[in-house]
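Novice: Just the structure for this:
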Amino acid sequence: MSLHPAQALVPGFPAAFLYADGSSVETLLTNIQGLLKVALENARLQEKQLQQERRELKMELYREREIRESLERQLTSELHSRVTIQRRLRKEKKAKRRLQEALQYECRRREQVEQALQHSHIVTHADNRQGAGLNVEVEHSGAPEENSTLQGKSYDILDNFMLPTLWEQFGDNPFLSQHDCAPVLKA
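Specialist: Prediction:
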């Protein structure tokens with residue numbers, strides 16, 4: 001039996017089932033049944049493939065979500081660390097600025113002390129001990145009467161006790177008397 005060009009078979013369809021027996025209706029039904037079985041198998045395979053692809057896509061989506069959440073946690077942690085580091089940096093800059101200011105203050109103070117030492121009064125023992133000159137600085141605080149009283153007491157202490165002791169110790173050699181800002185001396 002020959003087929004017309006309009007009756008061409010689907011590629012891959014088994015030709016053995018075609019026209020196996022004399023009844024054309026039965027053969028036609030058998031062929032249809034075979035086509036339906038093949039279509040059903042193909043549909044099942046496609047469904048399995050689709051389900052497998054869905055599972056793989058779900059797993060990939062799940063992995064990507066985990067990666068995204070992990071990256072978000074890292075980003076949050078990094079931002080927190082950055083804020084902490086910026087705070088620490090600000091504190092360190094402020095501390096550095098304070099230390100520099102303190103250092104500058106201490107340098108100025110040291111220069112002042114060195115200048116005061118250079119300009120301090122050197123008391124020397126003259127041949128005539130009665131004529132020895134002495135310059136004493138007294139810090140002015142309180143009422144003027146108190147300062148004059150303090151100055152008088154300071155001169156008495158210097159003249160009667162300190163200078164004779166220093167002359168005994170150093171003789172004719174020069175010596176330096178330094179006011180160390182002790183509370184007793186600032187009275």
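
Novice: what about residue 166, neighbour count?
Specialist: Look at residue 166: counted by other C-beta atoms under 10 Å, it has 16 neighbours. For glycine as for every other residue, the C-beta is placed from the backbone atoms N, C-alpha and C.

Novice: Please apply the same query to residue 27.
Specialist: So residue 27, with other C-beta under 10 Å, has 16 neighbours.

Novice: List phi and psi for residue 175.
Specialist: phi -140, psi 160 (degrees, to the nearest 10).

Novice: ok, which stretches of the chain are helices?
Specialist: Assignment of helices within the chain using DSSP state H yields the ranges 24-119, 144-157, 163-170, 183-186.

Novice: Check these for me: which has the lowest mean pLDDT.
Specialist: Across these, helix 144-157 has the smallest mean pLDDT, namely a mean of 55.

Novice: Residue 87: neighbour count?
Specialist: 10.

Novice: Oh, that last question was meant for residue 115, not what I typed.
Specialist: 10.

Novice: what do you get for residue 83?
Specialist: 10.

Novice: Residue 54 versus that one, what's the distance?
Specialist: Distance of residue 83 to residue 54, given as C-beta to C-beta, to the nearest Å: 43 Å.

Novice: repeat for residue 117
Specialist: Distance from residue 117 to residue 54, counting by C-beta to C-beta: 91 Å.

Novice: what's the answer for residue 75, then?
Specialist: For residue 75, the distance to residue 54 - C-beta to C-beta - is 31 Å.

Novice: just residue 28 next, same as before
Specialist: 38 Å.

Novice: Ok, residue 102 next?
Specialist: For residue 102 relative to residue 54 (C-beta to C-beta), the value is 70 Å.

Novice: what about residue 167, how many neighbours?
Specialist: Residue 167, neighbours per other C-beta under 10 Å, totals 16.

Novice: again but with residue 162, I slipped
Specialist: Counted with other C-beta under 10 Å, residue 162 comes out at 14.

Novice: Residue 30 now?
Specialist: 16.

Novice: I'd like the distance between it and residue 39.
Specialist: In terms of C-beta to C-beta, residue 30 sits 15 Å off from residue 39.

Novice: same thing with residue 108?
Specialist: 100 Å.

Novice: With residue 50 instead?
Specialist: Taken as C-beta to C-beta, the span from residue 50 to residue 39 is 16 Å.
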